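Chemist: After the sequence you'll find the predicted model.
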Amino acid sequence: MAEFSLEKTIKEGIEQAMKEPIADGKSITEWAAIGMKAPRWISVKDRLPEKPGRYLCWFGKNTFAVGASIVPYIPDLHWFASLESLERYENVTHWMPLPEPPKEAEA
């Protein structure tokens, strides 16, 4: 008979639990991997986008409109209300990349 080890039993139980489906047929490990890929807010104090494009931006509480909006950004220039007017936004506090668009439904 093998010697009982509480540490080994707990470790094996955790490993098995990490593999078991918990929701939508996915395990804790799979959901964690999905969560790591999810966009997260980035402070403009930490860094700015490296590429021009449209980003989801958060406007701070000291502004006329607290909340989020999709805003164009051009590196070394700034955030803009629109590229036509080139009106700059000075009050963006956080940003994140936009998620991938949904895949077209197959007909």
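Modeler: Alright, I've got the coordinates.
Chemist: Now for Val71: which residues touch it?
Modeler: By Cβ atoms under 8 Å, 6 or more residues apart in numbering, Val71 lies in contact with Arg54, Tyr55, Leu56, Cys57, Trp79, Phe80, Ala81, Tyr89, Val92, Trp95. Quick note: C-beta positions are derived from backbone N, CA and C, even for glycine.
Chemist: Could you name the specific helix or strand carrying the residue nearest to the spatial centre of the chain?
Modeler: With distances taken as Cα atoms, centre = their mean, Pro39 lies nearest the centre of the chain, 1.3 Å away. Under DSSP states H and E, no helix or strand contains Pro39.
Chemist: Which element, helix or strand, includes the closest residue to it other than its chain neighbours?
Modeler: Distance criterion Cβ to Cβ, 6 or more residues apart in numbering; nearest residue to Pro39, sequence neighbours excluded, is Met96 at 4.3 Å. Using DSSP H and E, the element containing Met96 is strand 92-97.
Chemist: Pull that strand out as PDB, backbone CA atoms only.
Modeler: The C-alpha trace of strand 92-97 is given here as PDB (Å, rounded to 0.1, in the frame of the first residue of the first chain):
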ATOM      1  CA  VAL A  92      -8.300  61.000 -22.000                       C
ATOM      2  CA  THR A  93      -7.100  59.200 -18.900                       C
ATOM      3  CA  HIS A  94      -7.200  55.500 -20.100                       C
ATOM      4  CA  TRP A  95      -7.500  53.600 -23.300                       C
ATOM      5  CA  MET A  96      -7.600  50.100 -24.700                       C
ATOM      6  CA  PRO A  97      -7.600  48.400 -28.100                       C
END
